[in-house]
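*Asks:* Here's a sequence, model it:
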Amino acid sequence: MKLIIQIPCLNEEATLPATFADLPKQIDGVDVIEYLIIDDGSTDRTVEVAKQIGIHHIVSFPQNRGLARAFEAGVHRCLKEGADIIVNTDGDNQYFGADIEKLIQPILCNEADVVVGDRQTSKIAHFSAGKRLLQWLGTFITNKLANTKIDDAVSGFRAFSREAACNLNILTNFSYTTESLIQLGHKRFAIASVPIRTNDKLRVSRLFKSIPHFLVNQVSTIIRVYSHYRALKIFTLLGALLTIPGLLGIARFFYYYFTASGSGKIQSLLISVMLILIGVVIILVGILADMISNNRKLIEKILANSQRNENSV
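*Replies:* Numbering: from 1, shown residues only. Below you'll find the model as predicted:
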């Protein structure tokens, strides 16, 4: 059983040694533990420090590509290196490394394919009330859309079985956290949550510039990812929101036409017909989007098989 712990890094020369020192060097049930960093275009000595402290694998980007792309590149490299379990943590030493043993237990016991670390944000002093509310709201929405029951959807401290990692296809550029859960949830992978500890805050988050920036990116990510898997449902609902009022408008026209000596409401009839036509077009677009979604699922299966074959070579 091989575990690879990956660490996306952007200018983490100051915090990477503490992060690495905090990681477990042996775990019962795991034969080999290796470490990998994804250098996301760092301009400091992150790579040199990683080599000095004994990081086994290094993936480097010539310029910053964002957390989602760094996470994706790390997963692909871990699979190529033969990882049976992949753990993702942060380079700023936010997460308590010793809890990795707890994090991977459900996978070792074959009880889960993905395990997300619950930071228990209500106990974190530097989390404001607004940030706690956003974390709860984001988790609530993600659970509803992914049909999961986790406690911290935006936690980056998580573990993946090899099979779950093979089926990951990150498309967004902002963050992989909610996308991966919605994606794997719809693919019927078992997703669990375990409480974990956090370390003292060493620096401010670099993932988002402000709360509005975070909200816009998270909401757009959730809508985009969910629409990949429930396109017909979404477009049918939107179409119905227009078609139903249109039908009611036509019913109103005929009511007045037959009860007011042939005097109908021609303006409302035109508007109703227009609403119905737009609604029908939206539903037809939903059918087309559903067909495209099915093609995407087939492509994802091919990619997953390709990942498995590459790992077995």
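
*Asks:* What pLDDT is listed against Phe214?
*Replies:* With respect to pLDDT, Phe214 has a value of 64.

*Asks:* for Ser263, same thing?
*Replies:* Looking at Ser263, its pLDDT is 60.

*Asks:* and if you look at Gly66?
*Replies:* For Gly66, the model assigns a pLDDT of 87.

*Asks:* now the worst-scoring helix or strand of the chain on mean pLDDT, how far from the chain's geometric center?
*Replies:* When the helices and strands of the chain are scored by mean pLDDT, DSSP states H and E, helix 211-229 comes last with a mean of 71. For helix 211-229, the separation from the chain centroid amounts to 10 Å (computed by C-alpha atoms, centre = their mean, to the nearest Å).

*Asks:* Kindly report the same for stretch 38-54.
*Replies:* Distance, centroid of stretch 38-54 to centroid of chain: 26 Å (C-alpha atoms, centre = their mean).

*Asks:* buried sites along that stretch?
*Replies:* Neighbour counts over stretch 38-54 (16 or more other C-beta atoms under 10 Å) mark Ile38, Asp39, Asp40, Gly41, Ser42, Thr46, Val47, Val49, Ala50 as buried. Heads up, the C-betas are built off the backbone N, CA and C, glycines and all.

*Asks:* quick one: buried residues of the least confident helix or strand of the chain?
*Replies:* Using 16+ other C-beta under 10 Å as the test for burial, helix 211-229 gives Phe214, Asn217, Gln218, Thr221, Ile222, Val225, Tyr226, Ser227, His228, Tyr229.

*Asks:* next one: stretch 237-251
*Replies:* So, applying 16+ other C-beta under 10 Å, buried residues of stretch 237-251: Leu238, Gly239, Leu242, Thr243, Gly246, Gly249, Ile250.

*Asks:* can you pull the contacts of the second one?
*Replies:* Translated: Gly239. By C-beta atoms under 8 Å, 6 or more residues apart in numbering, the residues touching Gly239 are Gly279, Val280, Val281, Ile282, Ile283, Gly286.

*Asks:* Just list the residues touching Gly41, thanks.
*Replies:* Counted by C-beta under 8 Å, 6+ apart, Gly41 has contacts Leu10, Phe61, Pro62, Gln63, Asn64, Arg65.

*Asks:* which residue packs closest to the last one, ignoring adjacent ones?
*Replies:* In other words, Arg65. Using C-beta to C-beta, 6 or more residues apart in numbering and skipping the chain neighbours, the partner closest in space to Arg65 is Asp40 (6.1 Å).

*Asks:* Am I right that that neighbour is in contact with Ala68?
*Replies:* No. The criterion here is C-beta atoms under 8 Å, and Asp40 misses it with Ala68 at 10.3 Å.

*Asks:* which sections of the chain are below the confidence cut-off?
*Replies:* In the predicted model, the chain carries pLDDT under 70 at residues 125-126, 174, 201-215, 260-265, 310-313.

*Asks:* Just the strands from it, written as ranges.
*Replies:* 2-9, 32-40, 57-61, 85-88, 114-118, 158-161, 191-195 (DSSP state E).

*Asks:* For the ones you listed, please prepare JSON lines with the additional fields distance to Ile299.
*Replies:* Output for the strands of the chain, formatted as JSON lines (distance: least, C-beta to C-beta, whole Å):
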{"stretch": "strand 2-9", "distance to Ile299": "25"}
{"stretch": "strand 32-40", "distance to Ile299": "25"}
{"stretch": "strand 57-61", "distance to Ile299": "24"}
{"stretch": "strand 85-88", "distance to Ile299": "22"}
{"stretch": "strand 114-118", "distance to Ile299": "21"}
{"stretch": "strand 158-161", "distance to Ile299": "20"}
{"stretch": "strand 191-195", "distance to Ile299": "23"}
